[in-house]
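Trainee: All I have is the shape, not the residue letters:
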């Protein structure tokens, strides 16, 4: 009754080049109602953020003093802000920024983390010790305070507003890679003992090929789950930093810095349409990503399903 | 066991040094400082002040000087508050600590109870509710939920204060003072609990589910033990043991998680001092607080590993 471990399964299948594990996974994922709802919601969010602005009759950053602080109406579904800008249009543009930062930060952390983790687990010895101690050190400084320091450095360097978001991505991946490196290292350690690695030895493959073509691809199922959850974390961190005025700064909109309106007591009390929509957008997006990641975990490893 | 503890201890020392090094160098990378940003100073006076605070020396020298002083408990002088950093932090850290410890207690008790019950009654409506709640709690941005709570309970319903630790201009003493502070603490503690409860509940639920599928639980049931005894005596102990390693991260986690909450609730704690220091470039305070959190994490981690090794012999035999 022992169902075959899909990770082991996958190794065998990669050698014979069969894509069917992904089909199997997707079939199982389709049965998970919550995960599918989340997936569709995320697709909707993407379309809204990236295509939505083209359908908006309002131009981003076009200020309109005659039309300030209007509550939601038929013309402005989510009202207008202190400069008379349409909140819905800004919300969609902010979605582009926040989603892009979340995904880019994840891609960067996954690249750095899986490479360093794989090198660490493959070579062991001094390399392993150095990389893992650096990871330990970075992990022992709590995330938010570390990001605050990095953000302070960023402000001191007077980085122009339009480049800030790239640096935010780098900052988030700087905080995110150690956990991933540790995870990949653990996987590599056990994969190295598998027979297929002996085969690569017999074939006389180079270390580079062993790591990039045989070891890292086998960590993909696990990485996929962790990477998904990592996007959620990055979006949350970015929004917190931007809310504090240390992340993406206006005029570039992000869900976090749109919520800055709540720091003004009048706006907070009298004009909830300025800060509730971006907050809800962050919340719903992050919930969906978390549910999807959880669904993926179950789908990739049915034995673990509870 | 002795060897394991010694090995972990040495490792801890290395990490402590590494962390202080990284923190110091990050700050040393900053191009400006408190004196540069003060435009009312003449260049000559600025130079004098820099010499006074040792800001004109090379980085490595400054690091060792800072480290030497730090080891004596001297983290320098807050440039903004004109006060010894340690006494400044000491003044505010307790306000944060009380909220954190209360939240910690609530989080662990609620997470333990709900995690275990939802594991025993897997797929029940209660389990569904807990799972739903866990995901919501894990996904709320701290500032958004804080603001929502202030809006609902402070502004709309007006049953709880919207911020601060005491009413404005209040000079109550004794029990009245305690009640007043307690009332102001309700929302901050609730928020902190909400923010950390999700992952812990999930952890207990998963742990419990894993344990009740073990053979020894089947054996216990086969022996004819009462279900209550099986769950609470045989299963629970094994399910919560790995959580010891989490406890170490909880307190520093709560302190850093409280930074945004304290800012929004105007709570006079270290988190607010930290954020204030970021905007005023008050480096001694920033460094001391970040170092404090890292030390808490590292030492907590060490204690957790040692305790875990003490209760679970498999760890130290590896």
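Mentor: Sure thing, it's come through. Nothing here was measured: the structure is a model prediction, and the numbers come from that model. Numbering: from 1, shown residues only, chains lettered A, B, ... in the order given.
Trainee: Residue in the stretch 201-318 of chain B with the shortest distance to chain A?
Mentor: residue B:256 (3.9 Å; CB to the nearest CB). Any C-beta I mention is one placed from the backbone N, CA and C, and that applies to glycine too.
Trainee: Hmm, that residue is touching residue B:292, no?
Mentor: No: using CB atoms under 8 Å, residue B:256 makes no contact with residue B:292, being 10.5 Å away.
Trainee: Those two: who's more crowded?
Mentor: The neighbour comparison of residue B:256 against residue B:292 (other CB atoms under 10 Å in any protein chain shown) goes to residue B:256, with 25 against 20.
Trainee: For the more buried one, which non-adjacent residue is spatially closest?
Mentor: residue A:142 (3.9 Å; CB to CB, 6 or more residues apart in numbering or on different chains).
Trainee: what about the one you found, distance to residue B:69?
Mentor: 23 Å (CB to CB, to the nearest Å).
Trainee: When the two are compared, which one has more neighbours?
Mentor: The residue with more neighbours, out of residue A:142 and residue B:69, is residue A:142; 22 against 12, by other CB under 10 Å.
Trainee: The more buried one: what's it in contact with?
Mentor: Applying CB atoms under 8 Å, 6 or more residues apart in numbering or on different chains, we find residue A:142 in contact with B:252, B:253, B:255, B:256, B:293, B:294, B:297.
Trainee: The same query, at a cut-off of 6 Å, please.
Mentor: Shown here is residue A:142, whose contacts under the criterion CB atoms under 6 Å, 6 or more residues apart in numbering or on different chains are B:252, B:256, B:293.
Trainee: go on, residue A:297?
Mentor: Contacts for residue A:297 (CB under 6 Å, 6+ apart) come out as residue A:225.
Trainee: Which helix or which strand is home to it?
Mentor: For residue A:297, the host element (DSSP states H and E) is helix A:276-300.
Trainee: got a list of what the residue most central in space within chain A touches?
Mentor: In chain A, the centroid-proximal residue (CA atoms, centre = their mean) is residue A:231; its distance is 1.4 Å. Residues near residue A:231 by CB under 6 Å, 6+ apart: A:102, A:103, A:106, A:289.
Trainee: Flag every residue of chain A that's near chain B.
Mentor: Neighbours of chain B within chain A, by CB under 6 Å from any CB of the partner chain: A:136-137, A:140-142, A:144-145, A:148-149, A:152-153, A:156, A:236, A:239, A:243, A:262, A:269, A:279, A:282-283, A:286-287, A:290-291, A:306.
Trainee: For chain B, just list every one of the strands.
Mentor: Ranges of strands in chain B, per DSSP state E, are B:77-78, B:83-84.
Trainee: Quick one: closest of those to residue B:121.
Mentor: Closest to residue B:121 of these is strand B:77-78 (CB to CB; 52.9 Å).
Trainee: Direction included, what does that closest one pair against?
Mentor: Using DSSP bridges, strand B:77-78 pairs in its sheet with strand B:83-84 (antiparallel).
Trainee: how many neighbours does the residue of the stretch 101-250 of chain B found nearest chain A have?
Mentor: Relative to chain A, the nearest point of the stretch 101-250 of chain B is residue B:144 (3.6 Å; CB to the nearest CB). Other residues near residue B:144 come to 26 when the count uses other CB under 10 Å.
Trainee: same question, residue B:186
Mentor: 14.
Trainee: Check residue B:113 too.
Mentor: Neighbour number of residue B:113 under other CB under 10 Å is 12.
Trainee: Let me see the confidence value for it.
Mentor: Looking at residue B:113, its pLDDT is 90.
Trainee: do the same with residue B:108
Mentor: pLDDT, residue B:108: 90.
Trainee: just to revisit the earlier point, look up the closest residue to the residue of the stretch 101-250 of chain B closest to chain A, ignoring the ones flanking it.
Mentor: Residue B:144 sits nearest to residue A:279 (CB to CB, 6+ apart), 3.6 Å away.
Trainee: Distance check, that neighbour against residue B:150.
Mentor: Counting by CB to CB, the gap from residue A:279 to residue B:150 is 12 Å.
Trainee: now residue B:267
Mentor: Separation of residue B:267 from residue B:150 (CB to CB) stands at 12 Å.
Trainee: ditto for residue B:300
Mentor: 31 Å.
Trainee: show me where pLDDT drops low in chain A?
Mentor: Scanning chain A for pLDDT under 70 picks out the ranges A:1-20, A:59-69, A:74-77, A:84, A:302-306.
Trainee: Would you map the helices across it?
Mentor: All helices of chain A, identified by DSSP state H, fall at A:6-15, A:20-31, A:33-50, A:52-55, A:87-123, A:125-140, A:143-156, A:161-191, A:195-202, A:207-209, A:216-243, A:255-258, A:265-270, A:276-300.
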